[in-house]
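> Just need the structure, nothing else, for what follows:
(4 chains)
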There are 2 protein chains.
Amino acid sequence: MGEQLTIGELASRTGVAASALRYWEELGLLPAPARVSGQRRYPPSAVGLVGVVVLLRDVGFTLREIKAFIASRSPTGEGWRELYQRKLAELDQRIAQAQVARTAIAHGFACPHKDIFECSNFANGVAAILAGCSLEEAHSQVHSH
Amino acid sequence: MGEQLTIGELASRTGVAASALRYWEELGLLPAPARVSGQRRYPPSAVGLVGVVVLLRDVGFTLREIKAFIASRSPTGEGWRELYQRKLAELDQRIAQAQVARTAIAHGFACPHKDIFECSNFANGVAAILAGCSLEEAHSQVHSH
DNA sequence: CAACGGCTTCAAGTATGCTTGAAGTCAATG
DNA sequence: CATTGACTTCAAGCATACTTGAAGCCGTTG
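The predicted structure follows:
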């Protein structure tokens, strides 16, 4: 049937330290699994759940946010749509910022300016971020090398 | 001429707390600015520099990494290419992960499964992350709702 | 000239996300 | 039956990134 995993097996399959898994459980991020003579036994589905946590953590969400996110699925059914929407918007912003950063760095890589901070492309990208990523393309005339 | 900014002005222009600016200076992230009767006076260019730090911090780099990045531009001229390349690769990975997360969450938003963890699309995205984002498109046949 | 706002330093505190160590339990193995 | 290895709890420690508080200096203003 469903093969139960020890915490060590779950750790090695997900790349997350066993101590971290216990910590996550303590925080309520992971449900307390079944026990066999005191030891945790996880269902195979736990791998996916841990994966979700890793995924969200790696893209910048705090464990509290992830907990709220995970806890919001299915149960009362209300509230999760707003939460998903917010998370989605946050992710979109993160992606946009990362792309601006990527562009700025990539530009700096090929840019002839001795000091990258003297390059208007770089500065424009930074300024856009500082301005709250608002839609000001008008004055950001990019020079091409 | 060049209007010098007090730490408070720099803080309000960049959205970074004055205490954080002092902390960054202490870490060597920002150069120690000129002083007028003990108080810091920043050149206008400091806004851009702080912007770079904010940009890189927000996309997930640690202050140490940012310090190394900033310190590497122009001077001896060697080493910065490797660093830029690495940062670029890291950014690409972050962007890719964020997009996977975005897709997974967006899918969950529209997905009819009661529990999103039962949805194969979601699980595939997670599995891809766990697998180290390797190129396994072959078996990830996405169902369409 | 006294008070005020904004700056200064320095030390200590806070939040997040863990890791590490001590001491013990348990099942299997030689 | 004693040892081994993986697990257990609990408390304490650590790294990162700041914030907060105390005590004080400086320039302007009423």
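> Now do the phi/psi pair for A:A34.
phi -60, psi 160 (degrees, to the nearest 10).
> Now do the same for it: its pLDDT.
pLDDT recorded at A:A34 is 97.
> Next: A:T62.
95.
> Going along the chain, name the strands of chain A.
Along chain A, the segments classed as strands by DSSP state E run A:34-36, A:39-41.
> most tightly surrounded among those?
Comparing those by mean neighbour count (mean count of other Cβ atoms under 10 Å in any protein chain shown), strand A:39-41 comes out on top with a mean of 17. No exception for glycine: its C-beta is placed from N, CA and C like everyone else's.
> What ranges does chain A have for its helices?
For chain A, applying DSSP state H gives helices covering A:7-14, A:18-27, A:45-58, A:63-71, A:80-110, A:120-130.
> quick one: contacts for A:A34?
Residues near A:A34 by Cβ atoms under 8 Å, 6 or more residues apart in numbering or on different chains: A:Q4, A:R40, A:R41, A:P43.
> Then A:L10?
Listed by Cβ under 8 Å, 6+ apart, the contact partners of A:L10 are A:V16, A:A18, A:L21, A:Y42, A:A46, A:V47, A:V50.
> Select only the buried ones of those in ChimeraX?
Selection of buried members from the contacts of A:L10 for ChimeraX, criterion 16 or more other Cβ atoms under 10 Å in any protein chain shown:
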select /A:16,21,42,46,47,50
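> and DNA strand D, which of the contacts of A:L10 reach it?
Counting by Cβ under 7 Å from any atom of the strand, A:A18 from these sit close to DNA strand D.
> Tell me which two of the contacts of A:L10 sit farthest apart.
A:A18 and A:V47 (14.0 Å; Cβ to Cβ).
> can you count the residues close to A:A71?
14 (other Cβ atoms under 10 Å in any protein chain shown).
> So chain A: which segments form each domain?
A:7-71, A:92-145 (automatic domain parsing).
> Least confident of those domains, on average?
If those are sorted by mean pLDDT, domain A:92-145 sits at the bottom with a mean of 63.
> Chain neighbours aside, what residue packs nearest to A:E3?
A:P44 (6.2 Å; Cβ to Cβ, 6 or more residues apart in numbering or on different chains).
> ok, how many other residues are close to the one you found?
The tally of other residues near A:P44 (other Cβ under 10 Å) stands at 12.
> what are the phi and psi angles of it?
Dihedral angles of A:P44 (phi, psi; degrees, to the nearest 10) stand at phi -60, psi -30.
> Repeat that for A:P43.
With angles defined as degrees, to the nearest 10, A:P43 sits at phi -70, psi 160.
> Turn the strands of chain A into CSV, columns for distance to B:L27.
What follows is the strands of chain A, written out as CSV (distance: least, Cβ to Cβ, whole Å):
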stretch, distance to B:L27
strand A:34-36, 45
strand A:39-41, 40
